[in-house]
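Trainee: Coordinates only, no sequence provided:
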RNA sequence: GCGCCUGUAGCUCAGCUGGAUAGAGCAACUGCCUUCUAAGCAGUGGGUCAGGGGUUCGAAUCCCUUCAGGCGCGCCA
């Protein structure tokens, strides 16, 4: 739709000799009476060509050869050119949609490019919380979106199963284990205090009784660490599965060490001359690549830092040779961006091929009062609890009606009280209603097949025309969402389309009209349904047939 | 102190790659179910786009600055 207008404008501008025009903006006018598409291009070039915008607009208008697509083209305001599509054009496009269905919606933006999206990647030291849920919902929707745009998407979860944190988890479980068996064992200072730690300890007691009682932690640490983090990881996997999130690959940090990737990465950086020794530690010269300070990769005690394995991890990503990489991180990690980007540049990776998206924090409230979210203190509401309390679709929808960088207030009381009238149901309900109409039609013996053959010219009311225009606009929104990597644009669009449908539904009957009109309106409903289902699928939200 | 993000209706948020009269949901108020699902529809009220400067034909949108909030600035992960 937009492309059509753009093409026409380009031809016209070329014809007029306005070759040097950078980009033609095309937008939607503020009021539908003005038209369907609009361009301020005449205003933009008026200065360079020393003519009034209106004059230029007039010239452009006169030079447009193929006007059949439009009902009218007006010059309005300070020099906008407004286009209103002809009904014939709208009907023919709608017919195409009904014929080819999804293929009409799909734009081959990715051209089969391979892209890896890494998201969630929460440490397996505790259950997922709501912030992870936001990252999960966003990552999943983005993956689906890019997939639909013909990118070959691989979804990856990075497991921090090495290092201090999982060790601390193991120790926390060990301490609880001892305490539950009445051994006076000190709980680690910074240990994990959540109830899940007790659960694991109890599980161990049930399985192994007092086999490890009074053991020296160092001699059994491997067992406790391994058992504990694996337990947490499988719980995380279960939570994600129930939240409807799918991953293709799970990259373990331990594996990176085991397979030698970490040593290799260090060696590689060393060979490039980006490693130096200072004060007994080894540093990566990240300031060479825009970071504010150099970073330690081998500590004085010979241990690697968290960053070291991340260097190896990203090096491995490079080796896998994706066309693009996306990392979705919680905003609390933003200070980490420069150093990871520095790594990529040190490995000569093109600057823009790694995109790091930040998802802002979720501020969890209950009745306006903040709920503490400290994993170590063990006070937090888990994603699981929220899922169970307010539902998966509702939770996702809340995340997906916000820009990723908006700071989100998630008030459990408000969300729950709105559950019955939650916006997600508004969209799902539109789909369910359409299904109901079809069911009704089938019951009456009305042919609901091959609706592209219906007489679409009968769709003449302002409401119907408005819906057709909205439907045909979907690919435009889709493309914008892909370009900006912002799935929430789809969410808002679906809400708007649903509103138009509900309004139409209330005013007109689809069936029990004249036989030919039955089919026309069913065709319209079918088109709406195709889009609602497609959009919801991208968002990872279910589309129930009845509600 | 430095860096990143945010500030839009009573509340939660869209709109931010500059365009015409700033939108939605919730909340409030008034109407609409004997016909395809009322989880719906029609309508009313509601704004210093945090404040101040600047850029230009045009600024919620870009730049500077002040204020407010969140987050981050480890040989932690």
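Mentor: In hand now; what should we look at? All values reported here derive from a predicted model rather than from experimental measurement.
Trainee: So which bits of the stretch 151-300 of chain A are right by RNA strand B?
Mentor: Applying Cβ under 7 Å from any atom of the strand, we find that the stretch 151-300 of chain A lies next to RNA strand B at A:160, A:162-165, A:278-281, A:292, A:296, A:299-300. (C-beta placed from N, C-alpha, C; glycine too.)
Trainee: I'd like the next helix or strand past the strand or helix carrying residue A:168.
Mentor: Element membership of residue A:168 [criterion: DSSP states H and E] is helix A:164-180. Once helix A:164-180 ends, the next helix or strand along the chain (criterion: DSSP H and E) is helix A:195-208.
Trainee: one step back: could the residues of the stretch 151-300 of chain A next to RNA strand B go into TSV alongside pLDDT and secondary structure?
Mentor: As requested, those are arranged in TSV below (pLDDT from 0 to 100; DSSP: H, G, I helix; E, B strand; the rest coil):
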residue	pLDDT	secondary structure
A:160	95	coil
A:162	93	coil
A:163	88	coil
A:164	90	helix
A:165	92	helix
A:278	93	strand
A:279	92	coil
A:280	93	coil
A:281	95	strand
A:292	90	coil
A:296	96	strand
A:299	95	coil
A:300	94	coil
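Trainee: In PyMOL, how would I select the buried members of the residues you listed?
Mentor: The PyMOL selection below is limited to those of those classed as buried (16 or more other Cβ atoms under 10 Å):
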select buried, chain A and resi 160+162+163+165+296
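Trainee: picking up where we left off before, outside of the helix holding residue A:168, which residues touch it?
Mentor: For helix A:164-180, the external contacting residues (Cβ atoms under 8 Å, 6 or more residues apart in numbering) are A:123-126, A:160, A:184-188, A:190-193, A:197-198, A:200-202, A:204-205, A:212-214, A:217, A:220-221, A:224-229, A:232.
Trainee: and the angle for that helix with helix A:195-208?
Mentor: Interaxial angle, helix A:164-180 versus helix A:195-208 (axes from the mean of the first three to the mean of the last three Cα atoms, to 10 degrees): 60 degrees.
Trainee: Okay, strands next: where are they in chain A?
Mentor: With strands called from DSSP state E, chain A shows them at A:37-39, A:70-76, A:80-85, A:114-118, A:152-159, A:249-252, A:275-278, A:281-284, A:295-298, A:324-330, A:354-359, A:362-366, A:369-370, A:408-411.
Trainee: Pick out the shakiest of those strands, pLDDT-wise.
Mentor: Of all those, mean pLDDT reaches its minimum on strand A:369-370 (a mean of 82).
Trainee: Each with direction, which strands does that strand pair with?
Mentor: Using DSSP bridges, the neighbouring strands of strand A:369-370 in the sheet come out as strand A:362-366 (antiparallel).
Trainee: Now do the strand it pairs with and strand A:324-330, the angle between them.
Mentor: Going by the same axes, to 10 degrees, strand A:362-366 makes 30 degrees with strand A:324-330.
Trainee: Quick one: distance of strand A:362-366 to the chain centre.
Mentor: Computed by Cα atoms, centre = their mean, to the nearest Å, the chain-centroid distance of strand A:362-366 equals 21 Å.
Trainee: swap in stretch A:438-451?
Mentor: Worked out by Cα atoms, centre = their mean, stretch A:438-451 lies 36 Å from the chain centre.
Trainee: List of residues touching it?
Mentor: A:98, A:510-511, A:515, A:518-519, A:522-523, A:525-526.
Trainee: And it, end to end?
Mentor: In stretch A:438-451, first residue to last residue: 12 Å (Cα to Cα, to the nearest Å).
Trainee: So for the closest residue to residue A:170 other than its chain neighbours, what's the pLDDT?
Mentor: Leaving aside its sequence neighbours, residue A:170 sits nearest to residue A:225 (Cβ to Cβ, 6 or more residues apart in numbering; 3.3 Å). Looking at residue A:225, its pLDDT stands at 96.
Trainee: Please report how far residue A:225 lies from residue A:500.
Mentor: Using Cβ to Cβ, to the nearest Å, residue A:225 is found at 56 Å from residue A:500.
Trainee: Could you do residue A:113 as well?
Mentor: For residue A:113, the distance to residue A:500 - Cβ to Cβ - is 34 Å.
Trainee: what about those two, which has more around it?
Mentor: residue A:500 (19 against 15; other Cβ atoms under 10 Å).
Trainee: which ones are touching the closest residue to that one other than its chain neighbours?
Mentor: Spatial nearest neighbour of residue A:500, excluding adjacent residues (Cβ to Cβ, 6+ apart): residue A:467 at 5.0 Å. Taking Cβ under 8 Å, 6+ apart, we find residue A:467 in contact with A:497, A:500-501, A:504, A:524, A:528.
Trainee: Verify the contact between residue A:109 and residue A:480 for me.
Mentor: No: using Cβ atoms under 8 Å, residue A:109 is not in contact with residue A:480; the gap is 10.8 Å.
Trainee: How many residues are close by the nearest residue to residue A:530 once chain neighbours are set aside?
Mentor: Closest residue to residue A:530 apart from its sequence neighbours, by Cβ to Cβ, 6+ apart: residue A:101 at 5.7 Å. For residue A:101, the neighbour count with other Cβ under 10 Å is 15.
Trainee: Check the one 4 residues further on too.
Mentor: Under the neighbour criterion other Cβ under 10 Å, residue A:105 is assigned a count of 18.
Trainee: I'd like to know how many residues surround residue A:104.
Mentor: For residue A:104, the count of nearby residues is 22 (other Cβ under 10 Å).
Trainee: What distance do you get for it to residue A:497?
Mentor: Residue A:104 is 15 Å from residue A:497, by Cβ to Cβ.
Trainee: Can you give me the pLDDT of the nearest residue to residue A:186 once chain neighbours are set aside?
Mentor: Spatial nearest neighbour of residue A:186, chain neighbours left out: residue A:175 (6.9 Å); criterion: Cβ to Cβ, 6+ apart. We have a pLDDT of 96 for residue A:175.
Trainee: repeat for the one 3 residues further on
Mentor: According to the prediction, residue A:178 has pLDDT 96.
Trainee: same thing with residue A:376?
Mentor: Residue A:376 is assigned a predicted lDDT (pLDDT) of 57.
Trainee: I'd assumed residue A:371 was in contact with residue A:380.
Mentor: Yes: with contact defined as Cβ under 8 Å, residue A:380 counts as touching residue A:371 (7.4 Å).
Trainee: who has more neighbours, these two?
Mentor: Set side by side, residue A:380 and residue A:371 show more neighbours around residue A:380, with 20 against 16, by other Cβ under 10 Å.
Trainee: Return the distance of the more buried one relative to RNA strand B.
Mentor: 13 Å (Cβ to the nearest atom of the strand, to the nearest Å).
Trainee: separation between residue A:6 and residue A:12?
Mentor: Counting by Cβ to Cβ - residue A:6 and residue A:12 are separated by 11 Å.
Trainee: So between the two, which is more surrounded?
Mentor: residue A:12 (20 against 16).
Trainee: Check what pLDDT the nearest residue to the more buried one once chain neighbours are set aside gets.
Mentor: Spatial nearest neighbour of residue A:12, chain neighbours left out: residue A:63 (4.5 Å); criterion: Cβ to Cβ, 6+ apart. At residue A:63, the pLDDT value in this model is 87.
Trainee: Kind regards, and thank you for your time.
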